[in-house]
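Novice: The following comprises the amino acid sequence and a computationally predicted model.
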Amino acid sequence: MSTFTQVIAALKQAKRILIGSHYNPDGDALGSAAALGIALERQGKKVTFFNRDPVPFNLTFLPHADRFVRTLPKDASFDTVVIVDCNAAKRVGGDFEKAIKGTRVICIDHHQLEKTEGDLTILEPDAAATGVLIMRFLEEAKIPLDRILATCLFCAITVDTGSFRYSNATPDVFLLGAKLVKAGADPYEISKALEENYPAKRYRLLAKSLATLQVDEQLGIASIDVTQQMFKETGTGPDLTEEFSSFPRSIRGVEVALFFRELPDGRLKVSMRSKGHVDVAKIAAGFGGGGHVHAAGCTFEGDAAIARKKLYAALAAAIGKKGT
Ligand code: 5GP
Ligand code: MN
């Protein structure tokens, strides 16, 4: 692991920087990438912001959201690459994996270690959000916060703490939130953009998805599904499924909530949320995925029905009970 001093020194030397964050980006991935990139541009650096997937509509309010590119020219050349909110180039995906060959790689993340390609790595699984680590970077680099940086970082921390509600919302996180609001972040404007800005069709999709609700009371597992057919019928896509897992999660007695999403190629992706002692990052890792103790995900290869059975068996073992 590296220190912020080392990362600051490396970035001081850098001229052309590529910043990438994980595909299916969330507010922490894009908020952290935007804040870091904007700060580095102020230091005179040339910055390219990359994400393989489109900016979800509820994050288009982020300052510089329109700067994210989804592809990179073949002859693009960078001297330094920063991976934020994940720690493996394969989680960034797309052109990024090729573009980083032969460049210095810096990784700033708070997920359980997968496999870091970072020459310099700051990885703190206890940090509530990558945004918290970017705040620390700015402070140590003596880059002052302003409304733009504060908006990006408040979004990052809001999203990863469930609006300052989850178990990672520590006193320190509230203090950072206060600092960001003082610097100009507007909590209501940000939460309005994030959560009070959905197109009606999201609720048509949600209605179909909620109709698939399954609850295993014995195990304390609830799940909902979204299929490609549902996307088609409602004219929606995966960017409108953000936070769907909060519905099975909100049921009394549920320990682990699952949100299954069918991918266009028929494979199954699951988002897991744990409300207690079950480490879903460990379970996701067993299926080639990852994440945090309380929020993780993975994509299953092969037959979806078999994958579900295997997942329930792994969860039952972790919960320590037999299912219904
Ligand atoms: P979500 O369920 O919202 O997609 O993701 C929850 C958390 O798990 C996020 O921190 C996300 O980065 C991580 N995560 C989700 N899917 C995967 C995956 O397939 N692999 C890894 N390594 N992490 C994942
Ligand atoms: Mn994060």
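Specialist: Yes, it's here. Ligands and ions are numbered 1, 2, ... in the order given.
Novice: Which parts of the stretch 101-250 of the chain are strands?
Specialist: In the stretch 101-250 of the chain, the segments counted as strands under DSSP state E, counting those that start in this stretch are 104-109, 120-123, 214-216, 221-226.
Novice: tell me which element whatever residue of the chain ends up closest to ligand 2 falls in.
Specialist: Closest to ligand 2 within the chain is residue 28: 3.4 Å, counting by CB to the ion. Just so you know, the C-beta spots here come from the backbone N, C-alpha and C atoms, and that holds for glycine as well. Counting by DSSP states H and E, the element that carries residue 28 is helix 27-42.
Novice: what about stretch 251-270, distance to the chain center?
Specialist: When C-alpha coordinates are averaged (CA atoms, centre = their mean, to the nearest Å), stretch 251-270 and its chain have centres 16 Å apart.
Novice: could I get the strands of the stretch 101-250 of the chain as a markdown table with mean pLDDT?
Specialist: Below are the strands of the stretch 101-250 of the chain laid out as a markdown table (pLDDT from 0 to 100):
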| stretch | mean pLDDT |
| --- | --- |
| strand 104-109 | 96 |
| strand 120-123 | 95 |
| strand 214-216 | 98 |
| strand 221-226 | 98 |
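Novice: Tell me which of these sits nearest to ligand 1.
Specialist: Distance to ligand 1, taken as CB to the nearest ligand atom, is lowest for strand 104-109 among the strands of the stretch 101-250 of the chain, at 9.4 Å.
Novice: what does that closest one contact?
Specialist: Outside strand 104-109, the residues that touch it by CB atoms under 8 Å, 6 or more residues apart in numbering are 7, 10-11, 14, 32, 36, 79-87, 89, 116-124, 130, 133-134, 137.
Novice: From those, which land in helices?
Specialist: By the criterion of DSSP state H, membership of the contacts of strand 104-109 in helices covers 7, 10-11, 32, 36, 89, 130, 133-134, 137.
Novice: where's the dip in pLDDT among those residues?
Specialist: Ranked by pLDDT, the ones in helices among the contacts of strand 104-109 bottom out at residue 89, which has 93.
Novice: Just give the closest residue to it, not the sequence neighbours.
Specialist: Distances taken as CB to CB, 6 or more residues apart in numbering put residue 97 closest to residue 89, at 4.8 Å, once the chain neighbours are dropped.
Novice: ok, now residue 228?
Specialist: Spatial nearest neighbour of residue 228, excluding adjacent residues (CB to CB, 6+ apart): residue 262 at 5.1 Å.
Novice: related to what we said a few turns ago, wait, which of the strands of the stretch 101-250 of the chain is closest to residue 276?
Specialist: strand 221-226 (12.0 Å; CB to CB).
Novice: what's the domain layout of this protein?
Specialist: Here the domain parsing of the chain from automatic domain parsing is 4-195, 201-323.
Novice: check contacts around the nearest residue to residue 173 once chain neighbours are set aside.
Specialist: The shortest distance from residue 173 to any non-neighbouring residue, by CB to CB, 6+ apart, is to residue 128 (4.9 Å). Taking CB under 8 Å, 6+ apart, we find residue 128 in contact with 110, 157, 160-161, 168-170, 173.
Novice: What number of residues are in the vicinity of the residue of the chain closest to ligand 2?
Specialist: By other CB atoms under 10 Å, 27 other residues sit near residue 28.
Novice: pretty sure it is in contact with residue 159, am I right?
Specialist: Yes. Under the criterion of CB atoms under 8 Å, residue 28 makes contact with residue 159 at 5.4 Å.
Novice: Please enumerate the shared neighbours of these two.
Specialist: Residues touching both residue 28 and residue 159 (CB under 8 Å, 6+ apart) are residue 129.
Novice: What is whichever strand or helix holds residue 47 packed up against?
Specialist: Using DSSP H and E, the secondary-structure element containing residue 47 is strand 46-50. When contacts are defined as 3 or more CB pairs under 8 Å, 6 or more residues apart in numbering; DSSP states H and E, strand 46-50 sits against strand 16-21, helix 27-42, strand 68-69.
Novice: These into a markdown table, with extra columns for distance to ligand 1?
Specialist: A markdown table is the format used below for the helices and strands packed on strand 46-50 (distance: least, CB to the nearest ligand atom, whole Å):
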| stretch | distance to ligand 1 |
| --- | --- |
| strand 16-21 | 9 |
| helix 27-42 | 8 |
| strand 68-69 | 17 |
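Novice: Am I right that residue 154 is in contact with residue 182?
Specialist: No. In this structure, residue 154 is not within contact of residue 182 by CB under 8 Å, at 10.8 Å.
Novice: if you count what's nearby, which of these two comes out ahead?
Specialist: residue 154 (28 against 10).
Novice: any idea how far that one lies from ligand 1?
Specialist: 18 Å (CB to the nearest ligand atom, to the nearest Å).
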